[in-house]
Structures are given as C-alpha cells and as structure tokens.
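# quick one, fold the following:
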Amino acid sequence: MPAPEAGVFDRLSALAAIDDHEAHSRKTIAETFTGKPLGSVPVGTAEDVASAFAKARSAQARWAARPAAERAAVFERFRALIIAERESLMDVIQAETGKARWAAQEEIMGMMFAARYFARVAPGLLRPRNVPGAFPVLNRAAVHTQPKGVVGVISPWNYPMVLSIGDSIPALLAGNAVVVKPDSQTPYSALAAAELLYRAGLPRDLLAVVPGPGSVVGTAIVDACDYLMFTGSSATGRALAEQCGRRLIGFSAELGGKNPMIVTRGANLDKAAKAAVRACFSNAGQLCISIERLYVEKAVADEFTAKFVAAVQGAKLGAAYDNSADIGSLISEAQLETVTKHVADATSKGAKVLAGGKARPDLGPLFFEPTVLADVTDEMECGRNETFGPLVSIYPVDSAEDAIRLANDTEYGLNASVWAESKSAGEKIAQRLHAGTVCVDEGYAPAWGTTAAPMGGMGISGVGRRHGADGLLKFTEPQTVVVTRFMNLDPPPMVSHDLWQRFLMLVARSLRFLPGR
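Have a look, this model is predicted:
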C-alpha cells in the first residue's frame, strides 16, 4: 500500500489557521519511511496566533451559550466520521511518524474513546450541582461551571493526532475554544482530525491549528491562552509551567517517563515476554508510557530473558502502510542519534547487547533495531534518563521487594507494568508503585484506553490529568452561586446584636447533626 497522494496533504495544508497562506514561508514535510516530500505547510507567526485567538474568543462566547447536549452531538458525529475515515487517517499518521499500522490505530481508537466518553459525560458534569448552603433553608447554594475561555494545546510528534485534537475534545465540550500548535514535524495529523471536526459541525473559528516553531507560535499561544495543555519533555514542561505561573493561568502536562515493568516468579512468562515487545517498542519506543526498564525476579530471569529476546528478534521491522510490520521507523535524525549514542555509551561502559543494537539504513533512513541491553548501570546515559526509542534494559532482582524499590527509584512516575503469580498479587504490587497508571498483566494500552479514569504522571512526569472527570473539569472554572432567602444576616427588628450573634452561633453548632456538614 503506497503513501497517501500529495493532493491529500495539499488539502490539509489549506486548513491551517493562517490568514494569508501565500505570504508565508513554508515548511516541507517528509515521509518518514523514505525521506521523500509529502507536501508543505505555511509557517505561522505571532500575528497568526493573535488573529486565531481573536476569532476564537468571538466564537467561544457563542459556543458556550449552546446547551452541553448540543455541543456533545458534534462529537458523536465526529466519532462516526473517525470510524468511517480511519484508514485514510492512519495513512496520514504513518506517513508523518513512520510508526507501524497497529500503533497508528491506537491513535484512532484513542480519539474514538475520548469523543464517546466526553460526549456522554459532559452534560452531566457541567450541570449545576446543589450543595448545602451556610444556613439551611435560609441559603440555597449551587456550583456552576464556566469555561476557561481559549485553551492552548501544544502537542508532540509521537502521537500527533490523539495528543492534539484528542486533547482538544474535552476542552471544546466544556465550552472553550482551542488553538493548537502541532509539532513542526507532524502538522498534517492534527489538520486531518480537525477537518473531521469541521465536517461534524464544529464552528471553524472555534478550533484553530497554527503550524510553526515553538519559539514563535508556542510562545505566542502561552502568552495569550487562558489555560495550557502540553505533552512533551519534562524539561520543556518546566519552562512552560514557569511561563503559565507568571501569568497565573492553569497548566496541565503529560511529560517524560522511565517506565518500569516488574515480572515476578509465578508469572506467565510466555504472555509477559510477548506483551513486553509491544510495551517496549510501540512506535519504536517513542511513547511516554512505554517500558524502558525490566525488573525480573532472578528465579525466572534467565527463562524470561530468553523468551523476551526471542520475541524481540522475531518482531518484523519495516515500512508498510498495512499490518505486515510489527515495528516502524524513528521519526527524525535527532531521535536516531539519541538512540545510537545511548547504545554506544552503554556498551562502551560494559553493557551487553542481547538483541538489536544497530541502525538499519537498508530499510529506510531512520530505522533502528529493537534493542535489549543487560548489565546497565546508573553511570550509563540510558540508566536513569529517558531514551524515547527502541531501547530497553533488563535487570535481574532478588525479590519483588527489590523490584518495587528499584522501580520507584526515579524522578519519573508516569506508567508501570506488573506481571505476577496472580491478579491480586499484581494489584498489591501496583498500588505500591509511584506511577500515575499501572497495568497488571499488560503494558500500557488498557490504562491509556480507560478513558473514564484519570491518566497522568507523578514526580517530573506530569501535572494534572487527562481523561476521566478531571480531564474535562480542568478546562472549567467552578463558580459558587448562593441565594439568600426570606432574610439576610442582619439582626431582625427588635433583636439586639448580641442576642442575634448568640443565636447564629447556636445554629452553627447544631449544623454538625445535618448530613454533609
């Protein structure tokens, strides 16, 4: 199956929120598998961002005035369009990222899940909620939600569709407008999903996709938005958090991870080894929640390692717009260089290559074999730092207790995986891990796909959560409205101030007997 035709990318390029496409410089986007040009997109400026925000603010007021159920209907239609157009969407994702087809489908399913879940729960979550007033009968209190305004979304290249438009879904459903800066390497994926939202009935000015460099477009978005959603590295997340802090606006981020998998004696080693290949090498390891550290109890370490290495060596590395390849390409020279340096550094300091370890230019310019290392130490670059590529280190440990201790010995805390002798034993280990999500008897996908539950990181792996009720309500401001009935808190006629204050204290003390007080 060939790459999508150039006309597809020309059409998508025209959707960029740029006022005068012809007057702008353009950036050529290459097919990752081959390096051949796919097309070019206009490069946005700070003025383009300002224009997008002006249009978004006008559109947002009208959008927020529409009932939540009416907004939700747009995303039900969007979900249906995703299903209908899934093959062409996966083509675009693969062309820009070089990932395998099944990994591209993860993005499609992620958007489907998000659209369906948030469309279902938004009307209920956004409905005013009655709470006990300060004084029963006298006060009637309710908590309302108001949208933040215009939300900025700065998205990464590794999952460029679901982490741009997918993250925009709850913000839009909450009544906000959104301005998206896609990563400069992968603008077409965001534009392709945005096109479906427009077709589903979303007002065009309500969602703007502005391609361009982070130093220009990203900075302008942070300076103008009312809330920022970011996915990327912990270092960039820190810098953006500082900028948001100076403006006193809200900030949510999913950041880096050095994610562990624990395998204890009694675990099903065949299943664990096979699943670990997906957990470690989805999108060639370019996934914040993929596994980079394997802690295996010594009693089963040799057996598991043999099975895992065999499974890795049996995985097919290749470029294909179908399901014939298990693992795809890296996305850029920079990623290839990082992986190459980490492997070279580790082996020069005594690490042993159990599988892979080499670039594969015979398959394409950015391919690198899925690599398994043993005898990795903290002095090596890949020991404690995120590689974000097809590289995993395996560590035999004396016991499950040692595995838990070592898994938690990191600044990161995004995702973890546990394989034990029973589900209950796995759950007990999971609850002791310093990670925002933990999968028992899987790697990462079930936790990511459980859209009703919050997903995010501890430590330097993130701030806030996507998914779940928190994933929508973070894009709102709670507003308390209290109505005082019958009389206010001034003393009634003919009642002294002292007597009135004693009465109020008596009432306040008696409130402890009421439910919810």
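# how far does the helix or strand where D91 lies sit from the chain's center?
Using DSSP states H and E, D91 maps to helix 86-97. Taking CA atoms, centre = their mean, to the nearest Å, one finds the center of helix 86-97 at 19 Å from the center of the full chain.
# show me which residues of that helix are buried.
Residues of helix 86-97 classed as buried: R86, L89, M90, D91, V92, I93, Q94, A95, E96, T97 (neighbour count, 16 or more other CB atoms under 10 Å). All C-beta spots, glycine's among them, are computed from the backbone N, C-alpha and C.
# ok, how many other residues are close to the closest residue to E427 other than its chain neighbours?
Residue nearest to E427 in three dimensions, not counting chain neighbours: V440, with 5.8 Å by CB to CB, 6 or more residues apart in numbering. V440 has 21 neighbours, counted by other CB atoms under 10 Å.
# how about the helices in the stretch 101-250 of the chain?
With DSSP state H, counting those that start in this stretch, the ranges of helices along the stretch 101-250 of the chain come out as 101-125, 165-173, 187-200, 219-224, 234-247.
# what's the most buried one of those helices?
Per-stretch averages of neighbours, counted by mean count of other CB atoms under 10 Å, single out helix 165-173 among the helices of the stretch 101-250 of the chain, with a mean of 28.
# before we move on, back to that, export the buried residues of helix 86-97 to a markdown table and tack on distance to L473 and pLDDT?
As requested, those are exported to a markdown table (distance: CB to CB, whole Å; pLDDT from 0 to 100):
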| residue | distance to L473 | pLDDT |
| --- | --- | --- |
| R86 | 29 | 97 |
| L89 | 28 | 97 |
| M90 | 31 | 97 |
| D91 | 35 | 97 |
| V92 | 31 | 97 |
| I93 | 29 | 98 |
| Q94 | 34 | 97 |
| A95 | 36 | 97 |
| E96 | 32 | 96 |
| T97 | 31 | 97 |
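# for the helix holding D91, C-alpha coordinates in CSV please.
Taking C-alpha atoms only, helix 86-97 is exported to CSV below (Å, rounded to 0.1, in the frame of the first residue of the first chain):
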residue,chain,number,x,y,z
ARG,A,86,-10.0,5.6,9.8
GLU,A,87,-7.9,4.1,7.0
SER,A,88,-7.0,7.5,5.5
LEU,A,89,-6.3,8.9,9.0
MET,A,90,-3.9,6.1,9.7
ASP,A,91,-2.2,6.7,6.3
VAL,A,92,-1.5,10.3,7.3
ILE,A,93,-0.3,9.3,10.8
GLN,A,94,2.1,6.7,9.4
ALA,A,95,3.4,9.0,6.6
GLU,A,96,4.3,11.7,9.2
THR,A,97,5.6,9.5,12.0
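# and G257, that's in a strand?
No: according to DSSP: H, G, I helix; E, B strand; the rest coil, G257 belongs to no strand; its state is coil.
# thought it was touching E386?
Yes: with contact defined as CB atoms under 8 Å, G257 counts as touching E386 (6.5 Å).
# which residues are in contact with both of these two?
Residues within reach of G257 and of E386 at once, by CB atoms under 8 Å, 6 or more residues apart in numbering, are E292, Y412.
# more neighbours: which of these two?
Shown here are G257 and E386; by other CB under 10 Å, G257 has more neighbours (29 against 23).
# might one say that A435 is in contact with N259?
Yes: at 7.3 Å, A435 counts as touching N259 under the criterion of CB under 8 Å.
# hang on, the earlier thing: switch the buried residues of helix 86-97 over to JSON lines; also include distance to G468.
Conversion of these to JSON lines gives the following (distance: CB to CB, whole Å):
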{"residue": "R86", "distance to G468": "25"}
{"residue": "L89", "distance to G468": "25"}
{"residue": "M90", "distance to G468": "27"}
{"residue": "D91", "distance to G468": "31"}
{"residue": "V92", "distance to G468": "28"}
{"residue": "I93", "distance to G468": "25"}
{"residue": "Q94", "distance to G468": "29"}
{"residue": "A95", "distance to G468": "32"}
{"residue": "E96", "distance to G468": "29"}
{"residue": "T97", "distance to G468": "27"}
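# rewinding a little: kindly calculate the angle that the helix holding D91 makes with helix 101-125.
Counting by axes from the mean of the first three to the mean of the last three CA atoms, to 10 degrees, helix 86-97 lies at 110 degrees to helix 101-125.
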